[in-house]
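Asker: Here is my input, please return the structure:
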Amino acid sequence: MKGTIHVPNFSAAPQRAAPYRIPQRHGPDAHAGAPRQHPKSQIQALTKSFKVFGQVLLILIDAESRIISGHAQWEVATRLDMSEVMVIRIEYMSEPKIKALMIALNRLSDLSTWDDAALRTVLLDLHDLELDFDIEATGFNEIEIELRIENLEGDGAAVEDDIIVGSGPIVTQAGINSGRKVYH
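Answerer: Take a look at the predicted model:
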């Protein structure tokens, strides 16, 4: 049905945020075959974010209380011994649609890109303020923030120069790449 948009009957299944009390020993299950993995570094960054902002994104669960989206949030909430989390229960979708939604919610965010100039400006604004929270709650570590700000305070142009690395030891930090080609 090209050109047709299916709008679910929300009156039959109201989709409002609701607190979900976390039972002592058991909560929502991960949906079988959840395709996304969450490395330790992401869980640590999300934990910092939770400590500063709280849970601001809802966890999506299906009618059987299986997590559709929000596996990492659930992991952080349980690590922080939260007594409840906010969820939306999706009851009107078929199992195939729920599986497709699980993929879509993860994949579609992968397709976005940063507006580097706008990001640098916001990071610089935050950097210049006396914050009452850890700036790393943004998901960027201090080194990444400094590198983005340095580029802004320069001529603002993207760095295109290749770096030729000598025969010394290789020293890197995962996740940092300023867009330069590095040869060793």
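Asker: Okay, helices next: where are they in the chain?
Answerer: Counting by DSSP state H, the segments of the chain that form helices are 40-53, 71-79, 95-110, 116-128, 142-153.
Asker: May I have the last one as CSV, with CA atoms only?
Answerer: Just to be clear, that refers to helix 142-153. Taking Å, rounded to 0.1, in the frame of the first residue of the first chain, the C-alpha atoms of helix 142-153 are listed here in CSV:
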residue,chain,number,x,y,z
GLU,A,142,36.6,15.4,28.3
ILE,A,143,39.1,14.7,25.6
GLU,A,144,36.4,14.5,22.9
ILE,A,145,35.0,17.8,24.1
GLU,A,146,38.3,19.5,24.1
LEU,A,147,39.1,18.3,20.6
ARG,A,148,35.8,19.6,19.3
ILE,A,149,36.2,23.0,21.0
GLU,A,150,39.8,23.3,19.8
ASN,A,151,38.7,22.9,16.3
LEU,A,152,36.0,25.6,16.8
GLU,A,153,38.5,28.1,18.3
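Asker: for the chain, which spans come out with low pLDDT?
Answerer: 1-34, 152-184 (pLDDT under 70).
Asker: can you tell me which strand in it is longest?
Answerer: Assignment by DSSP state E gives strand 84-90 as the longest strand of the chain.
Asker: mind listing what's buried in that one?
Answerer: Of all the residues in strand 84-90, those buried under the rule 16 or more other C-beta atoms under 10 Å are 85-90. Just so you know, the C-beta spots here come from the backbone N, C-alpha and C atoms, and that holds for glycine as well.
Asker: for these, which one is nearest residue 126?
Answerer: Nearest to residue 126, judged by C-beta to C-beta, of the buried residues of strand 84-90 is residue 86 at 25.8 Å.
Asker: I am finished for the moment; much appreciated.
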